[in-house]
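**Q** The following comprises the amino acid sequence and a computationally predicted model.
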Amino acid sequence: MRSVMAGPLNQARVKISKIFNGEPQSYTRFNLTQNVEGESSHVEVKLSGDGEEEMEVTETEHRHPASTYTQRRQRPYRNLCYGALVVLLILLSGYLIGYVTHRKPEASRLPETGPAACTTSQPEESMDEGDTVVAPNPSLDWSDIIRMLREKLSPGAFVDLLRKFAMDSHEAGSSGDEILANKVFDTFKKLNMNPWNDEHYVQLQMPSMTSPNRIVFGSEEIGQPKGYLAYSATGTKEGKVVYANFGQIEDLKYLRTAGVDLTEKIVLMRTGQISLAEKVANAAKFNASAVLIYPEPPYDGFDTKTELYGHVHFGTGDPYTPGFPSFNHTQFPPAKSSGLPEILAQTITADMALRIHQKMGGSDAPESFKGKLKGLSRYRLGGDGDTMTVTVNNVLVDTKIHNVFGVITGFVDPDRYVVIGAQRDSFSKGYAKSTVGTCLLVELARAIAEMKESFRPRRSIVFASWSAGDYGSVGATEWLEGYQSSLDKKAFTYISLDGVVQGRSKFRASASPLLHSLLKDTLSEVKTLASKDRTLFQDFGKGDLEEILETMKMEDGAYPFLAFSGIPSVSFRFVSDGAYGYFGTTLDNKANLDIATEQRLGDFCVSAAQVAGQMALRLVHDHILRLDVTSYTRTIRKHVVVINSRVNQLKHAGTMSAPLSSKWLISAVGSYSRAADSVINEIQNSDLEDKEKCRTINDRIMRVEHNLLSQYVSLRDVPFRHIFFGTGDYTVSALTDHLMDLKEQVVGSDADLLRNQFALTTWTIQSCANDLAGDVWALDNEI
C-alpha cells in the first residue's frame, strides 16, 4: 500500500510547494506517515526553519540542521500562511489516501446458500502501464440475471418453436434428423455462437427390409411386428412361454421359487418399472432364450395395435466400438460391448400380447403380476404345452450421425464450461422424448445469447444437440469417448433436457450429490405457474429435496456423463401421477402431451427452461463453482454405514476364514470429510477477486466426481466405473450385495473377490480425498 500511495503523495507535495513557494525550499520537510491499517492516515508536518532572510544558501553549501539557526520572531501573516498550508496538506493527504484505499470495491455477496455464494464482478480487461483507468460498469446482481432470463422466456415462443421443430419421422441418421440438425445449426449461427458439427460413423441395428420378424404360438402366427428392439441377437428360437411380469430380478426369483425354470424359455414381459435393456439382461441371467415385451396400456381406450420401439444394449454408445469413439478414421479389430444381449428380444403390440395370454395355461399368476389388458381376466404363468417360436432378422447398418454444438464463451475462464444437451432423434414422433428438449435447447441458447449484452459469464456454456439418443445415448457417448482426455478437466457440469415435460403434478430429478444444493436453491427461486408467491420447491419438494430426487438410471440422457466420464450431471422432469407411457411409440405426440399437461405445455416449457437456465447461469456466474463437496460426505457415510453393518453381520455369521475390518474404509471417509471441510474454509478465507486462486480451488472441486471413477478397472471392459452410480463388480452396491451373499453362502460368492472389492473401494475414496485436499504437503497421510 505504501508503494501505491507514494507516487500520488510525492506529486502532490511537489505541486503544492510550487504553488506556495515557486520551488521547494531546502529548509522545509514534509513527512507524511500512513497508518499501517490503511483505514486512516496520520500526517506529520515538521518545519525545520523559517528560512533566514539574510542568510544565503547556495546549492554547494552544506545545509545544517535547523537547530543551528537562530530563530527570529515570526510575523503573524507568515504564521497564518503556514497554518493554512498544514491544514490544506492534511485534507489533501486524507483525500489521496482515501482514494487509493477505496477505489476498488469489494465483491458483493449473494444470499448464502453454500460456501461459494458470491457474485461476480465484470471481468477487468488487462491494461498496460500508463493506460487510463476506466471505472468498470457495476456488476449485475443475481436477482437481475434471473429477472432478465425470465423476461426472455415466454409460452408463446415455445409453442411457435414446437410447431417448427415437430416432425413425424426423424430417426437417427435419416433425412429428418439431418433437417433438424441444420435448423439447430442455423439458429446457433444467427446467434453468433460459433457452431460446429461432430461427425461419427456408428452401427445401428434396424429391421430387415426383406425378412420381417415373426412371432408364432404353436402353429398360429401371432404377427409380424413392425416395432423392434435394436441390438437384439438375431436368429430363431423355439421354447415354452412364461409370463414374468415386469422382468425385474424379484419377479424372476419368484418364478424360480414357484418351480418355474426359465432355462431356454421364451419370457413374456410388460413395460414399466425398469428399462427394456435391463429386462432382457435379467432374463439372460436366468438363461432364457428370448424375450417378448409389450406396452402396458396406460389408460382405458389405449390403441392396442400401437407398435413399440426401443433398444436392449445394456450400456450407452455404439456397442461395436466399446470404450473408443466411432470416428471414420478409427481402425480397430472387431469388438462388441459386454452389454450386448446374447438372447433374442422383440416387441409386440398389446393386442398380440392379449392373444398370447389367452392361449397360455399353467398356474395363476400372483396378484402383483396382473396388468391392464382389456379382455383378460386371468393371468397365467404358462403351461407345458405353450410353445412359441420367435424370429428376429434385424440387420446392422453403418450410419453417419451428427452432433451439433454452439458456445457462449466466458470472459474469465473460457476453457471451463457447462454443457446443456438434448436428444434430437426419435424412433417415431418423439414429441415429449426429443422435440420438447430440442426446443428448450434452442430457446435457452437464444435467451442467454441475448443476455450477453448486459451479462458477461465468467465461464462458457456449450449447447449440444445429440443424434442417436434413442439407440442408447450413442451420439453423446461417442463425443465423450472422443474427447475423454480433456472433458473431465474442462466440463464441470452436464444438464440434460431429455423428456423434461411428461406431465403436470410432480417434479422429479436425478443428480450428482455435488448438484443437490444448487438444484434445491434453483427450485426455491423459480416461481410456480399458479402463483408468484410460491416456488417449485414449495409445491413439489414440500420442503424436502428427497421428495424430488430419484436414482439416475442408465436410460437417462445424463447417465454417461456421470458414470462414464465423471462429470457432475443432472436431469429433471415434470411428470403426472401415472407414467407418461408413450415413449417409444407413435402416440408420443402433441395431442397426448397436451392432455398430460392440461393444455399448458408452453407454461411447463418456460418453467423447465428457467430451471435449466438458472442452474447453468449460476455455474458460470459465481467466482467459485456451485458444486457442494460436502454433499458427498453425507452420501459416502450413508453407504459406509450399511457396509459396516453387513461386515459385522458377516463376522457374527462366521463364514469368513479370516476377519474383515471396516477400519480403513471408515478412515478414508474421514479423510474425505476433512478435505471437504478444508476446501470450505479455504474459500471463506480467500480473496475471491484473485482469479488464479479461484481457478485453483475450482479445479479441485471439479475433479471430485471424476476421482470417484474406479481407476483399477478397464474402461473398455467396465465403461461405467463410478463407484456409486456405475455398474460392475467394483461399485459400492456390488460390494454391499456381495457381503450379504457371502453371509448367506450364495453360490458364486468369493471371499477373495470381496477383499479386493473392499480394498479398491477404500482406495478410490482415499484418492479422491487426497486430490481434494490440494497440494501433496496438505494431504492426510494416516492411510
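**A** Yep, that arrived.

**Q** For the spatially closest residue to Asp729 that is not a sequence neighbour, give its distance to Val641.
**A** In space, and not counting its chain neighbours, Asp729 is closest to Gln757: 6.5 Å by CB to CB, 6 or more residues apart in numbering. The C-beta positions use only the backbone N, C-alpha and C, and glycine is treated the same way. Gln757 is 17 Å from Val641, where distance means CB to CB, to the nearest Å.

**Q** cool, and Pro341?
**A** For Pro341 relative to Val641 (CB to CB), the value is 36 Å.

**Q** Which of these two has more residues huddled nearby?
**A** Applying other CB atoms under 10 Å to Pro341 and Val641 shows that Pro341 carries more neighbours, namely 20 against 13.

**Q** helix/strand/coil for that one?
**A** Using DSSP: H, G, I helix; E, B strand; the rest coil, the structure places Pro341 in coil.

**Q** Contacts only, for the residue nearest to it when sequence neighbours are not counted.
**A** Counting by CB to CB, 6+ apart, Pro341 lies nearest to Val280, which is 4.9 Å off, once chain neighbours are set aside. Contacts of Val280 were listed using CB atoms under 8 Å, 6 or more residues apart in numbering, and they are Leu229, Ser232, Gly247, Val291, Val312, Phe314, Pro341, Ile343, Ala345.

**Q** State whether Val280 is indeed within a helix.
**A** Yes: counting by three-state DSSP, Val280 is located in a helix.

**Q** Now tell me which helix or strand of this protein has the poorest mean pLDDT.
**A** Of all helical and strand segments in the chain, the minimum by mean pLDDT, DSSP states H and E falls on strand 28-34, at a mean of 35.

**Q** Report the buried residues of the host helix or strand of Arg646.
**A** Taking DSSP states H and E as the definition, one finds Arg646 inside helix 629-653. By 16 or more other CB atoms under 10 Å, the buried positions in helix 629-653 come out as 629-633, 635-636, 639-640, 643-644, 646-647, 650.

**Q** With pLDDT and distance to Ser169 added, can I get the residues you listed in CSV?
**A** Shown next, in CSV, are the buried residues of helix 629-653 (pLDDT from 0 to 100; distance: CB to CB, whole Å):
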residue, pLDDT, distance to Ser169
Val629, 97, 46
Thr630, 96, 48
Ser631, 95, 43
Tyr632, 96, 44
Thr633, 95, 49
Thr635, 95, 43
Ile636, 96, 46
His639, 95, 45
Val640, 94, 50
Ile643, 94, 50
Asn644, 93, 54
Arg646, 91, 51
Val647, 90, 55
Leu650, 86, 56
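
**Q** right, and out of these, which lies closest to Val436?
**A** Checking the buried residues of helix 629-653 against Val436 by CB to CB gives Ser631 as the nearest, at 29.3 Å.

**Q** From Arg573, how far out is the closest one?
**A** 21 Å.

**Q** okay, and for the protein, where does confidence drop off?
**A** The chain contains residues with pLDDT under 70 at 1-84, 86-88, 91-139, 328-333, 657, 778-783.

**Q** quick one, phi psi at the most centrally placed residue in it?
**A** The chain has Ser569 as the residue nearest its centroid, 2.0 Å off, counting by CA atoms, centre = their mean. Torsion angles at Ser569 (phi, psi; degrees, to the nearest 10) stand at phi -140, psi 160.

**Q** pretty sure it contacts Ala558?
**A** Yes: counting by CB atoms under 8 Å, Ser569 touches Ala558, with 3.9 Å between them.

**Q** Mind listing the shared neighbours of those two?
**A** Between them, Ser569 and Ala558 share these contacting residues under CB under 8 Å, 6+ apart: Tyr494, Ile495, Ser496, Met552.

**Q** List the buried residues in the helix or strand hosting Ser678.
**A** Ser678 belongs to helix 663-684 when assigned by DSSP H and E. The neighbour-count check on helix 663-684 (16+ other CB under 10 Å) flags 664-673, 675-676, 678-679, 682-683 as buried.

**Q** Quick one: distance of that helix to the chain centre.
**A** 23 Å (CA atoms, centre = their mean, to the nearest Å).

**Q** Next, the angle helix 663-684 makes with the next helix or strand after it.
**A** As assigned by DSSP H and E, the chain's next helix or strand after helix 663-684 is helix 691-707. Orientation check (axes from the mean of the first three to the mean of the last three CA atoms, to 10 degrees): helix 691-707 against helix 663-684 gives 150 degrees.

**Q** what's helix 691-707 packed up against?
**A** In terms of contacts (3 or more CB pairs under 8 Å, 6 or more residues apart in numbering; DSSP states H and E), helix 691-707 is packed against strand 413-423, helix 484-490, helix 629-653, helix 663-684, helix 751-773.

**Q** Identify the farthest-apart pair in the buried residues of helix 629-653.
**A** Counting by CB to CB, the most remote pair of these is Val629 and Leu650, 31.6 Å apart.

**Q** for this protein, longest strand please?
**A** strand 395-408 (DSSP state E).

**Q** Parallel or antiparallel, list what pairs with it.
**A** Strand pairing for strand 395-408, using DSSP bridges, gives strand 196-206 (antiparallel), strand 459-466 (antiparallel).

**Q** Show me the contact partners of the longest one.
**A** Here strand 196-206 makes contact (CB under 8 Å, 6+ apart) with 172-173, 181, 185, 228, 230-232, 311, 318-321, 325-328, 394-405, 468, 471, 474-475, 478-479, 482.

**Q** Please repeat the previous calculation with a cut-off of 7 Å.
**A** 172-173, 230-231, 318, 320, 325-328, 394-405, 468, 471, 474-475, 478-479 (CB atoms under 7 Å, 6 or more residues apart in numbering).

**Q** And that strand, how far out from the chain middle?
**A** The answer for strand 196-206 is 24 Å, by CA atoms, centre = their mean.

**Q** Which other helices and strands does the helix or strand just after that strand contact?
**A** The helix or strand immediately downstream of strand 196-206 is strand 214-217, counting by DSSP H and E. Applying 3 or more CB pairs under 7 Å, 6 or more residues apart in numbering; DSSP states H and E, we find strand 214-217 packed against strand 220-223, helix 350-359, strand 387-392.
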